[in-house]
Each structure stands twice: as C-alpha cells, then as structure tokens.
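Chemist: Sequence plus the predicted model coming up.
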Amino acid sequence: MRWLKKSGLAKALPKLLKKRVYVGISAGSIVTGPSLSSLKLYYGKDESGQSDESLKLVDFHFRSHFNSPHFPKARKGYLTKIAKQLKEPMYAMDDNSAVEVVDGKIKVVSEGKYLILNT
C-alpha cells in the first residue's frame, strides 16, 4: 500500500478503473479490501508500521497463498480464527484461484482450493 500511495497509483486508480481492469497478485490482492486489518491479524502484530488504509475496492478481505508451503499459517484453522475477528467476509485463495468482481458481483474462478469465511 505504501508503494501504491507513493507512486500515485492509489489516487489515480478510481478513475482508471472506469475503463481498466485491476489484477492483484499476493499483496496486490490483499490491499483491495476494506482495510489491512486481516493482514495484521495474520502476522499477529503490526510489523510494517503502516496504517490499516487500503484501496477499499471490494468489501471483503483477501488472503493469498492459501495452503502454500511458503505460508504455513495460510491454513483453514488459522484463517478461521482471524475471520472471526473481522466484520467482513474473507476469501482465502490458493495460487490457482481468483476472485472476479464486476459491478459488485463476486465470482470465484478456481482450478485449485479456496475458502470463503464470514458469509
């Protein structure tokens, strides 16, 4: 989020999205949610020193790398505990899954594993 703000993209994005598509991978997906609180809960503390500010493009939290061996906490049990502390839904997606949002309608596109919590 810091780099999106520093580059000016965060400010320009609402206008760009009128004719463009946003594709986020990993952190680029996480920053689209209502806040970064799910990320802070995932790591157990605020290691970044950053605020909870996000792009607020969607009204759900996104957790990338679901079940990845590189992210051992990105498992159903741990993510369920995190989701209980959030008001909004959480979509956890593996690297073969995506969420498509068009005009507020949410569609999961997946050839892998995903989890939807708080719906």
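Modeler: In hand now; what should we look at?

Chemist: CA atoms for contacts and neighbours, from now on please.
Modeler: Fine.

Chemist: Distance check, the nearest residue to residue 119 once chain neighbours are set aside against residue 19.
Modeler: Of all residues not flanking residue 119 in the chain, residue 89 sits nearest, at 5.5 Å (Cα to Cα, 6 or more residues apart in numbering). Counting by Cα to Cα, to the nearest Å, the gap between residue 89 and residue 19 amounts to 27 Å.

Chemist: quick one: the strands in the protein?
Modeler: All strands of the chain, identified by DSSP state E, fall at 61-63, 90-93, 97-102, 105-110, 114-117.

Chemist: Pick the most buried one from these.
Modeler: Across those, averaging neighbours per residue (mean count of other Cα atoms under 10 Å) puts strand 61-63 on top, at a mean of 26.

Chemist: List of residues touching it?
Modeler: With Cα atoms under 8 Å, 6 or more residues apart in numbering as the test, strand 61-63 has contacts from 26, 29-30, 32-35, 38-39, 74, 88-93.

Chemist: before we move on, back to that, so between residue 89 and residue 19, which is more surrounded?
Modeler: Using other Cα atoms under 10 Å, the more surrounded residue of residue 89 and residue 19 is residue 89, with 17 against 7.

Chemist: Where in this protein is the helix or strand with the lowest mean pLDDT?
Modeler: Within the chain, judged by mean pLDDT, DSSP states H and E, the helix or strand with the poorest mean is helix 37-43; its value is a mean of 88.

Chemist: Now it: buried residues?
Modeler: With burial defined by 16 or more other Cα atoms under 10 Å, the residues of helix 37-43 counted as buried are 37, 38, 39, 40, 41, 42.

Chemist: Might one say that the fifth one is in contact with residue 82?
Modeler: Which is residue 41. Yes. At 6.2 Å, residue 41 and residue 82 qualify as touching, with contact defined as Cα atoms under 8 Å.

Chemist: show me where this structure has helices.
Modeler: In order along the chain, the chain carries the following helices (DSSP state H): 2-7, 9-16, 27-30, 37-43, 76-83.
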